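Visitor: I would like to see how this sequence folds:
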Amino acid sequence: MENVTATEFKVPTREDVAPINQEIFNNLNKALGFVPNLYATIAYSDNGLKRYLDYQNAKTSLTNKEKEVVNLIVSQVNECVYCQSAHTVLGKMNGFNDAQLLDIRKGKSDNPKLDALVKLTADITLNRGKANNETVEYFFAQGYTKENLVDVILQVSDKTAMNYLHNLTNVPVDFPLAETL
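Guide: Model (predicted):
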């Protein structure tokens, strides 16, 4: 099989995708005012976009703020500028300020509970799920549960998939660029 270069990945338009994805594009336009380029890229798969959005929007024990912590630190560890940029915007929408968002991307938070979440998530991502026992214990000591741990791992998998998709396709970032660390 020949290698595909990132320059070969054009962001598909509504007309380029299957009817099921055209309907999703319509819904995203209504909800967000646009179809993010990375979502459009998932639509190369006739079933991928619906499957991904169902997974992303599934119920979780994590708050939206906690999900953004996970999304930001995973995207930082995986060096995905698209997701760093998107989740900086979403982090602000969920109550974080610029300094807090930068701290999260640097692997820390001055909120002890979120600090434990940042550290565990970074450890899980860096070590492919083989987190350090002290990091796991710190997470539980801050009041997190086994349910939260499972949901963190699922959130890591969600964001890792998107990071990998962008890191491979390198489609244009259609959010304000996140500050480089």
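Visitor: rest of the way, CA atoms for contacts and neighbours
Guide: Noted.
Visitor: where does residue 8 land on pLDDT?
Guide: At residue 8, the predicted lDDT confidence score is 76.
Visitor: so residue 36 makes contact with residue 174?
Guide: Yes. In this structure residue 36 lies within contact range of residue 174 using CA atoms under 8 Å: 6.7 Å.
Visitor: between the two, which has more neighbouring residues?
Guide: In terms of neighbours (other CA atoms under 10 Å), residue 36 is the more surrounded of residue 36 and residue 174; the figures are 18 against 14.
Visitor: dump the residue contacts of that one.
Guide: Taking CA atoms under 8 Å, 6 or more residues apart in numbering, we find residue 36 in contact with residue 174.
Visitor: skip the chain neighbours and tell me the closest residue to residue 14.
Guide: With sequence-adjacent residues excluded and distances taken as CA to CA, 6 or more residues apart in numbering, residue 14 is closest to residue 22, at 5.5 Å.
Visitor: for residue 102, give its distance to residue 179.
Guide: Here residue 102 is placed at a distance of 8 Å from residue 179 (CA to CA, to the nearest Å).
Visitor: which of these two has more neighbours?
Guide: Comparing residue 102 with residue 179 by other CA under 10 Å, the one with more neighbours is residue 102, at 20 against 11.
Visitor: and that one, what element?
Guide: For residue 102, the host element (DSSP states H and E) is helix 98-105.
Visitor: just residue 96 next, same as before
Guide: Per DSSP H and E: nothing holds residue 96, as it lies in no helix or strand.
Visitor: what do you get for residue 86?
Guide: Using DSSP H and E, residue 86 maps to helix 81-93.
Visitor: how about residue 49?
Guide: Assigned by DSSP H and E, residue 49 belongs to helix 48-56.
Visitor: how about residue 135?
Guide: Taking DSSP H and E as the criterion, residue 135 maps to helix 133-141.
Visitor: cool, residue 123 as well?
Guide: Applying DSSP H and E as the criterion places residue 123 in helix 112-126.
Visitor: done for today, thanks.
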